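Undergrad: sequence first, predicted model second:
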Amino acid sequence: MAQKIQTLFIDDIDGGEAEGTVRFGLDGTEFEIDLNARHSSELRKALEMYIVHARKVGSVARRGRGNRRGGAGSIDTARAREWARENGYDIKERGRIPADIVAKYEAARGA
């Protein structure tokens, strides 16, 4: 008999299904929060004004867990979905982003 085990991430704001985990830091403390696409986008927009004026000091090394969600790799799925919708692609709110859309998103952002 085959078994399929799934891990479901829960949005820390509203208790619905989360798209993934967002990591950020402030005052030397690292935080992570599980968010759906809308909440992830709202957080990024709230921080955007400060980020554009800030100096980047490097990336923080991830410790131990690796990629928790799998799937689209290192892209920001919330931004990729937003980009896809703005560019006329029909994309679902949840689930894997099709590889051709990921490739076009990465090409558009110069990755």
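TA: The structure has been received and is ready for your questions. Numbering: from 1, shown residues only.

Undergrad: show me where this protein has its strands.
TA: 20-26, 29-35 (DSSP state E).

Undergrad: the top helix by length along the chain packs against which elements?
TA: The single longest helix within the chain, with elements called by DSSP state H, is helix 37-51. Packing contacts for helix 37-51, counted by 3 or more C-beta pairs under 8 Å, 6 or more residues apart in numbering; DSSP states H and E, involve strand 20-26, helix 77-86. Any C-beta I mention is one placed from the backbone N, CA and C, and that applies to glycine too.

Undergrad: can I get the longest one in CSV, CA atoms only?
TA: Right, the one you point to is helix 77-86. What follows is helix 77-86, C-alpha atoms only, in CSV (Å, rounded to 0.1, in the frame of the first residue of the first chain):
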residue,chain,number,x,y,z
THR,A,77,6.2,32.8,-5.2
ALA,A,78,3.9,35.6,-4.1
ARG,A,79,5.7,38.1,-6.4
ALA,A,80,5.9,35.5,-9.2
ARG,A,81,2.2,35.0,-9.0
GLU,A,82,1.6,38.8,-8.9
TRP,A,83,3.9,39.3,-12.0
ALA,A,84,2.1,36.5,-13.9
ARG,A,85,-1.3,38.0,-13.3
GLU,A,86,-0.1,41.5,-14.3
